[in-house]
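**Student:** Just to be clear, the model below is a prediction. Sequence and coordinates:
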Amino acid sequence: MIEVFAVLLITALATSLLGVFLVLKGQAMTTDAISHTILLGIVLAFFITNDLRSPLLIIGATIIGLLTVYLIELISNSKLVKADASIGIVFTALFAIAVILVSRYADDVHLDIDVVLMGQVLFAPLNRIDILGFSLPYALVHLSIILLINIIFVLLCYKELKVTSFDPIFAAVSGFSATLIYYILMSLVSITAVTAFDTVGSILVISFFTAPAMTAYLVSKRLSRMIWLTLIIAAFNSIAGGIFGYFTDTSISGSVATVSFITFILVFMIQKFTLSHRKPVN
């Protein structure tokens, strides 16, 4: 069970770190679209390789993730359709194509739609890999690598991410390539999502990307502090939700997502109460 909690923790940290910048950019629900549409990339890559562990699955998912972002931006920038509507139309269309392909051509393959949505984190320790003589869960190794890559990206591009998140106009004037940073970020979001969702499911992936960052944003608007708060909240949600799900014999992914929502609501109510009782300055 310790390995299950370790997988949950690493997944929470890897996703929520990038979620900070998605929340700041007002694109939290783009992760909802990406976490579903990457299934199409996985399915198409599987049809080519016939191997569920092939690296091409991640490449295919990343390409479809970027295609999702591009189509959303293309439709939204036309000013004919609002941003939320463009997300809805692209997300449902690409995900529906994936569902049709799975149900029609992959009935005998382990590409279960229920598993995609809810995940099977309890089964993560069963799929193992040997590293330097140590047998470790396959998901734990992959997600740890993704977490390291995400940390390196944030450290190397911290200034650019900060400027493009808070003031994209100033970023353009200053010569920052906001578009390049944006698509690198979205590429990492796609890779992180596809690596995580086979283990914890797309519902929890969405929760991990958004809930901790949104909760931290209620407390602090300073980026460095918001990042640390996000990681702490994500760690708490994953462990507390995992413990609750394990001892109540319920879906661990669902339990973690529920705890994440409860944490957000509690912080929201505290902040609202504090603001309503703050004395005005004369």
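**Tutor:** Yep, it's here.
**Student:** mind checking how far stretch 93-108 is from the chain centre?
**Tutor:** Centroid separation for stretch 93-108 versus its chain: 22 Å, with C-alpha atoms, centre = their mean, to the nearest Å.
**Student:** Give me the buried positions along that stretch.
**Tutor:** Under the neighbour-count criterion of 16 or more other C-beta atoms under 10 Å, stretch 93-108 has 94-95, 97-99, 101-102 buried. For glycine as for every other residue, the C-beta is placed from the backbone atoms N, C-alpha and C.
**Student:** and which of those is nearest Ser35?
**Tutor:** Phe95 (9.5 Å; C-beta to C-beta).
**Student:** got a list of what the closest residue to the closest one other than its chain neighbours touches?
**Tutor:** Residue nearest to Phe95 in three dimensions, not counting chain neighbours: His36, with 4.2 Å by C-beta to C-beta, 6 or more residues apart in numbering. His36 sits next to 91, 94-95, 98, 202 when contact means C-beta atoms under 8 Å, 6 or more residues apart in numbering.
**Student:** ok so, going back, take the buried residues of stretch 93-108 and keep only those in helices.
**Tutor:** 94-95, 97-99, 101-102 (DSSP state H).
**Student:** closest to Ile64 among those?
**Tutor:** Leu94 (6.8 Å).
**Student:** Could you find the closest non-adjacent residue to the closest one?
**Tutor:** Using C-beta to C-beta, 6+ apart, the closest residue to Leu94 is Thr37 (3.9 Å).
**Student:** isn't the one you found right up against Ile64?
**Tutor:** Yes. Using C-beta atoms under 8 Å, Thr37 is in contact with Ile64, at 5.6 Å.
**Student:** Can you check which residues contact both of these two?
**Tutor:** Counting by C-beta under 8 Å, 6+ apart, the common neighbours of Thr37 and Ile64 are Leu94.
**Student:** The two - which one has more neighbours?
**Tutor:** Thr37 (28 against 25; other C-beta atoms under 10 Å).
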